[in-house]
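*Asks:* Here is the input, now give the coordinates:
(chains A and B, ligands or ions: 2)
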Amino acid sequence: MPGTLKIAYRLLVNDRAKFAALLVGITFAVFLMIEMTSLFSGILKRASATVINIGAPMWVMDPAVQTVANTIPLPDYVLDEVRSIPGVKFAVPLYSGGGLVKLRDGTYQSVNIVGLDDASLYGRPKLLAGNIQDLFTENAFLAVKDSEFYKLENPAVGTEFEINDHRGVIVGIAHVAASGLFGVPTLYTTFNRSLQYIPNMRMTISYILVVPKTPADVQAIKKSAAAAGYVALTEDEFIQKISTFYTYQTGIGTNMLLMTVISFIIGLSISGQTFYTFILENIEKFGALKAIGAKGRVLISMILFEASFVALTGYGIGVGLCAAIIFLARLYLPDYAAIITYWNLILAFIMVVVIAAASSYVGVRKVLRIEPFDIFRG
Amino acid sequence: MPKAAIEAAGLTKWFGTGEAKTMAVREVTFDAYFGEMLYIVGPSGSGKTTLLSMISGILRPNAGTVKIEGVDIWGLSADALADFRLQKIGFVFQDYHLFPRLTTAENVAIPLILQNRPWDEALNEARRDLEVVGLKERAELPPVKLSGGEQQRVAIGRAIVARPDILIFDEPTASLDGETGRNIVSFVRQHVLSDQRCIVMVTHDSRIFEFSDRIMRMEDGKLKAIERESLSAQ
Ligand SMILES: Nc1ncnc2c1ncn2[C@@H]1O[C@H](COP(=O)(O)OP(=O)(O)OP(=O)(O)O)[C@@H](O)[C@H]1O
Ligand SMILES: [Mg+2]
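*Replies:* Ligands and ions are numbered 1, 2, ... in the order given. Modelled structure (predicted):
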């Protein structure tokens, strides 16, 4: 490391109070930004939980569907239409809807019911206990062991219960990748049985799950579905659509965005302000350095180094703190939704770079303006 | 005939324009020689600091030339001039201008560090210099822990660490009591001045006049040579 940067480093860290204030400012901002955006990422992932857990490459739905939870039933004949589209390897119906389970003490618990195609059980979850074939026995359900599992009083294979005034029995305990957003437990059953438990309707299919023959068929399938008045989305497109809905059509996204912006502004003002006073305090000395023979770019490199050092250290501590808090929160709140994605980290990093750039810009301007002659005149 | 270290010719500097124009220095011509300690005295506002800044390459004159060891310094590019100052000129300011968050040794080492000398080597030389100015024991302390006289000696250490040929002092004793000021200048005279070095010092302090070789007086932007005796008698 060049000696001038070592000098810069010492000027910075030896000023304990300001260094601490700078770190606190950046750490705080990074922490809040990552916490906010992680929480939001977590919520978005949960909002798409059903899509992720079923794992079908394509989904056919009513054009008005905004999120996977707000289903709009399709008439039965659409299934045949979709099956006849060239490029479709196979297509199966999916039921997704709500139900009420009566608990032992007589209270009711809402549940999410997923009905899998009877012939293929396409999209079935991994079983932790029980046998998947038992799903074809009378009144059979799988209970998903996620963070909501306890709300069904931790059932086991063989547990009986009442659902929408019918008898049900747990034949397996399942594991899925993503928990849902709405805090209700999930039960899987077969498509036909799900219809028996649900107040009957003329249209019964929530989604049609499609597996194309080859990835190249995706576009043609989308076109044919559109021509028939429906929408076919790939898994990613559907997740994106749900994310867009929660980001822009609900208060969640805008509030998170607002909080992120506020954290950014707070971080920027604390750090910018402190860095500015730090430069001001040393400004005459920087002027003396200029007189001695330090070139402008050397002074700039010193300031940039100081700003980046603070920014990166604060970023590291902020990210670590956030990971620790999320970890702790998960220990005590199994439902805690935050997930740190690369996207969150990159966003916070960009904001930290902006904070560092803005702070050093002010400092650099100040230092380039100082005239050694003014130092001489005192 | 002694060798000229600094040759200033026709140096002129004004500030502002029109009504607000101040003539700070008017066509000043003089030489400063190796092996001498040249004082510039004069009333406040007479242009001493302005002149000092022009001959040391930190304030561009409106007219005139400055040659240091034959090099026309105002003909150099800004970067070349910065390098020239770094190699050839040492500065001692009235207010020391030491970094409070660095140790004394680190402060002294700064010119060497700016010359990209390895850190350890620069610090070792700085410690050697601190020994010269009698502050060996203070090397690892921050300058704020030192007295004013000690801080000025640190500043002198910093000014000489890169072995410059020219030393520029602007009121080095103004922030010190009389006795301390005398001691410091006496020290400079004995240990810092040499045949290969030229020292130009601006001062108001008549108690240090005795250490000078030559004194010039500035008045209203003009410079004239005077006798030391005539000044001391005032
Ligand atoms: N940047 C400037 N802008 C305007 N006028 C200036 C500027 N610098 C110096 N002057 C003026 O130039 C004149 C000479 O100033 P200078 O600082 O050289 O005087 P000095 O002899 O060093 O005084 P002192 O003994 O008080 O230090 C003064 O009238 C001063 O007001
Ligand atoms: Mg002055």
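*Asks:* Go ahead and confirm residue A:168 touches residue A:160.
*Replies:* Yes - judged on CB atoms under 8 Å, residue A:168 makes contact with residue A:160 at a distance of 7.0 Å. (C-beta placed from N, C-alpha, C; glycine too.)
*Asks:* which of these two has more neighbours?
*Replies:* A side-by-side neighbour count of residue A:168 and residue A:160, using other CB atoms under 10 Å in any protein chain shown, places residue A:168 first with 26 against 10.
*Asks:* Is that one within a helix or a strand, and which one?
*Replies:* Taking DSSP states H and E as the criterion, residue A:168 maps to strand A:166-175.
*Asks:* Spit out the contact partners of the closest residue to residue B:139 other than its chain neighbours.
*Replies:* Distances taken as CB to CB, 6 or more residues apart in numbering or on different chains put residue B:105 closest to residue B:139, at 4.2 Å, once the chain neighbours are dropped. Going by CB atoms under 8 Å, 6 or more residues apart in numbering or on different chains, residue B:105 touches B:123, B:126-127, B:130, B:139-140.
*Asks:* top of these by neighbour count?
*Replies:* Going by other CB under 10 Å, residue B:126 tops the contacts of residue B:105 with 26 neighbours.
*Asks:* who are the neighbours in contact with that residue?
*Replies:* If you count contacts by CB under 8 Å, 6+ apart, residue B:126 has them with B:105-109, B:112, B:139, B:157, B:161.
*Asks:* repeat for residue B:67
*Replies:* Going by CB under 8 Å, 6+ apart, residue B:67 touches B:4, B:6-9, B:73.
*Asks:* now with 7 Å?
*Replies:* Listed by CB atoms under 7 Å, 6 or more residues apart in numbering or on different chains, the contact partners of residue B:67 are residue B:7.
*Asks:* Now it: which helix or strand?
*Replies:* Assessed by DSSP H and E, residue B:67 sits inside strand B:63-68.
*Asks:* repeat for residue B:44
*Replies:* Using DSSP H and E, no helix or strand contains residue B:44.
*Asks:* what about the strands in chain B?
*Replies:* B:4-15, B:22-33, B:37-41, B:63-68, B:71-72, B:89-92, B:166-170, B:198-202, B:214-219, B:222-226 (DSSP state E).
*Asks:* quick one: strands adjacent to the fourth one?
*Replies:* In its sheet, strand B:63-68 lies beside strand B:4-15 (antiparallel), strand B:71-72 (antiparallel), with partners assigned from DSSP bridges.
*Asks:* Wait, residue A:115 touches residue A:186, no?
*Replies:* No - with contacts counted by CB atoms under 7 Å, residue A:115 stays clear of residue A:186, the gap being 11.7 Å.
*Asks:* Need the residues touching each of those two.
*Replies:* Residues touching both residue A:115 and residue A:186 (CB under 7 Å, 6+ apart): none.
*Asks:* between the strand holding residue B:67 and strand B:166-170, how big is the angle?
*Replies:* Compare the direction of strand B:63-68 with that of strand B:166-170 by axes from the mean of the first three to the mean of the last three CA atoms, to 10 degrees and you get 120 degrees.
*Asks:* tell me how far strand B:63-68 is from the chain's mean position?
*Replies:* Put simply, strand B:63-68 sits 17 Å off its chain's centre (CA atoms, centre = their mean, to the nearest Å).
*Asks:* Show me what counts as buried in that strand.
*Replies:* Of all the residues in strand B:63-68, those buried under the rule 16 or more other CB atoms under 10 Å in any protein chain shown are B:64-68.
*Asks:* Please name the nearest non-neighbouring residue to the residue in the stretch 251-378 of chain A positioned nearest to chain B.
*Replies:* Nearest residue of the stretch 251-378 of chain A to chain B, counting by CB to the nearest CB: residue A:293, 2.8 Å away. Closest residue to residue A:293 apart from its sequence neighbours, by CB to CB, 6+ apart: residue B:86 at 2.8 Å.
*Asks:* now residue A:110
*Replies:* Spatial nearest neighbour of residue A:110, excluding adjacent residues (CB to CB, 6+ apart): residue A:184 at 4.9 Å.
*Asks:* Residue A:100 now?
*Replies:* Residue A:100 sits nearest to residue A:108 (CB to CB, 6+ apart), 4.9 Å away.
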